[in-house]
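In: what would the 3D arrangement of this be:
(one chain, ligands or ions: 1)
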Amino acid sequence: MHFDVFTLLPEVFPAYLNTSILKRARERGLIQVDVHNLRDYTRDKHHTTDDMPYGGGGGMVMKPEPIFEALETILELTPQTPPQPVSNIPIILLTPQGRVFNQNIAKELSAHPRLALLCGRYEGIDERIREHLITDEISIGDYVLTGGEIPALILIDAISRLLPNVLGDPTGAEDDSHAMGLLEYPHYTRPPEFRGWRAPEILLSGDHAKIEKWRREQALERTFRKRPDMLEKADLSKDDLKFLATLKRNS
Ligand code: ADE
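Out: Residues are numbered from 1 along each chain as shown. Below you'll find the predicted structure:
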């Protein structure tokens with residue numbers, strides 16, 4: 001997977017991308033992340049990337065020229081008038097106005113070989129960028145940040161860990177909270193007893209069928225208590241439904 005990030009704050013990215021799983025994925029060539037400074041695509045002396053909004057009002061607006069120039073150069077798009085669908089590379093604007101990111105969207109995006117991520121700053125971007133360049137808009141939740149840089153890192157992280165061989169454990173992404181439509185079961189490791197609190201005996205029993213059943217029921221119970229909304233879309237077996245019915249009766 002090849003990510004191209006377009007930002008006014010490229011310095012935000014290296015620390016996270018040079019750490020842990022993403023670092024290893026980059027070193028192994030499983031992902032490539034190119035961070036492009038939009039300021040490098042300005043043509044005026046002052047490297048201006050923003051301007052005052054037409055019609056007045058507070059805040060500044062990101063200008064169209066550097067953004068079009070940067071994306072056209074890096075993605076090798078031909079400037080077209082009237083505008084055409086410009087490429088088959090999704091060009092994603094990170095904005096609180098976008099569709100709200102979730103595991104399904106991460107999966108959908110992980111199927112593309114290349115993604116362009118445009119980080120907004122200031123009050124917003126000139127609407128012509130949205131109309132004629134952007135192909136998708138994503139929000140990471142119903143709150144407003146100072147820019148799209150952290151959201152872009154969140155997309156890179158969530159998408160990368162779904163790609164083959166990125167996680168050390170090949171089943172790592174399958175049992176995740178949300179991957180199967182349920183919250184994940186609880187985990188324990190050594191010691192078997194810590195400050196008088198014992199790990200569940202069943203996990204120490206070596207009985208894999210029982211452990212699997214226990215984990216499934218824990219996942220169902222957690223989801224029932226913390227995120228009952230998720231149960232409406234989850235893929236549930238007859239046994240799951242029976243177990244949930246008991247939980248409901250006893251709650
Ligand atoms: N930029 C500012 N807030 C954002 C959000 N919630 N999601 C994506 N991009 C943003």
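
In: and the lengthiest strand in the chain with the ligand, contact?
Out: Looking across the chain with DSSP state E, the single longest strand is strand 91-100. Yes - using C-beta under 6 Å from any ligand atom, strand 91-100 reaches the ligand at 94-96. (C-beta placed from N, C-alpha, C; glycine too.)

In: against which helices or strands is that strand packed?
Out: Judged by 3 or more C-beta pairs under 8 Å, 6 or more residues apart in numbering; DSSP states H and E, the packing partners of strand 91-100 are strand 114-119, strand 136-139, helix 149-160.

In: tilt between that strand and helix 149-160?
Out: 90 degrees (axes from the mean of the first three to the mean of the last three C-alpha atoms, to 10 degrees).

In: hmm, who's touching strand 91-100?
Out: Residues outside strand 91-100 that contact it (C-beta atoms under 8 Å, 6 or more residues apart in numbering): 71, 75, 105, 109, 115-120, 125, 129-130, 133-145, 148, 151-152, 155.

In: can you list the strands that it pairs with?
Out: With DSSP bridges as the test, strand 91-100 is paired with strand 114-119 (parallel), strand 136-139 (parallel).

In: per-residue pLDDT, the closest residue to the ligand within the stretch 151-251 of the chain?
Out: Residue nearest to the ligand within the stretch 151-251 of the chain: P151 (3.7 Å; C-beta to the nearest ligand atom). You'll see P151 listed with a pLDDT of 98.

In: who's in contact with the lengthiest helix in the chain?
Out: Looking across the chain with DSSP state H, the single longest helix is helix 208-226. With C-beta under 8 Å, 6+ apart as the contact definition, helix 208-226 has outside contacts at 180, 182-186, 200, 202-203, 205, 230-231, 234, 240, 243-244, 247-248, 251.
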